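Model the structure of this input:
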Amino acid sequence: MRAHVAESDLIIAIGGDGSMLRAARVCSEYDVPVFGINVGYLGFLTEASLNDWDALLNDLLDGRYWIEERMMIHAQAWRGESLLAQGDALNDVVISRGAVAKSILLDAFIDGDWTTQYNADGLIIATATGSTAYALAVGGPILPPTLKNILVVPVAPHLTLDRPIVLAEGATIEVIVAERTSTDVTLTLDGESLCSLVPNDSVIVCASEHVSRFVRLRERNYFYRSLLDRMEPRLSPRPESVPSRRSVLERKT
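Model (predicted):
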């Protein structure tokens, strides 16, 4: 598959945001842009839908598009001097507890200096793109996709720092699983499992040398309108012709 990507001028990803994330990670290594057609639910990263993809494809073929570049982050997991695993992420790197509902202890170092110890269900280390994904769901700020900062957000912190941190551009964060952690710890990249961690293992995250490139047909200031269209109240999923359970019960009484 990668050989075909390397020889391509453009990749069309058909699916939802998960498909876009996978395509972006593969294509970033070869600087190949991705054009997304949404057949999923939100499709926040995609550019077209099933209703308009054919018309938009004509615009694309006529050259009426621009390329948006988005920062990615690179994560390495270490056990002593041994590299366990590594990879790039477009959305986020997440260090989290396993199936047991027990918090984990994580020591965070920013640019080599100890910052704090998190006692939480997990820690999200996200890009600006990832700020509107898992990080947003746990109360993180929204960052415009052009920023090259790393966002750090704890998940369900208990009596520890509960505020997100936006790191300076070019910063590196290292997270070490504290020795007193007694439950399973998992490392995921863009929602996909990378490896398991044990006490004293460390995860180092910094900006990747690769960037994701997306084909855009909308105006360059599309981001906020697109975001608000998804966050504002939606229409009720219940058709007006279908009565609610409450109204049915009221008629019966």
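
The stretch 1-150 of the chain: helices as residue ranges?
Under the criterion DSSP state H, counting those that start in this stretch, helices of the stretch 1-150 of the chain are mapped to 2-6, 17-28, 53-61, 134-137.

Can you tell me which of those is most buried?
The highest mean neighbour count among the helices of the stretch 1-150 of the chain, using mean count of other CB atoms under 10 Å, belongs to helix 17-28: a mean of 22. C-betas here are computed from N, CA, C, even on glycine.

Give me the distance from it to the chain's centre.
11 Å (CA atoms, centre = their mean, to the nearest Å).

Ok, stretch 218-235 next?
18 Å.

which residues are contacting it?
The list of residues contacting stretch 218-235 from outside it, by CB atoms under 8 Å, 6 or more residues apart in numbering, reads Leu42, Phe44, Glu47, Trp66, Thr132, Ile142, Pro144, Pro145, Arg216.

How about the contacts made by the residue positioned nearest the centre of the chain?
Central residue of the chain (CA atoms, centre = their mean): Asn91, 2.3 Å from the mean position. Each residue near Asn91 by CB under 8 Å, 6+ apart is listed here: Leu21, Ala126, Thr127, Thr129, Gly130, Ala133, Tyr134, Asp190, Gly191.

Which residue comes closest to it once chain neighbours are left out?
Distances taken as CB to CB, 6 or more residues apart in numbering place Gly130 nearest to Asn91, at 3.6 Å, with adjacent residues excluded.

Just confirm Leu189 contacts Ala85, I think it does.
No. With contact defined as CB atoms under 8 Å, Leu189 does not reach Ala85; the gap is 9.0 Å.

of these two, who's got more company?
Leu189 (24 against 17; other CB atoms under 10 Å).
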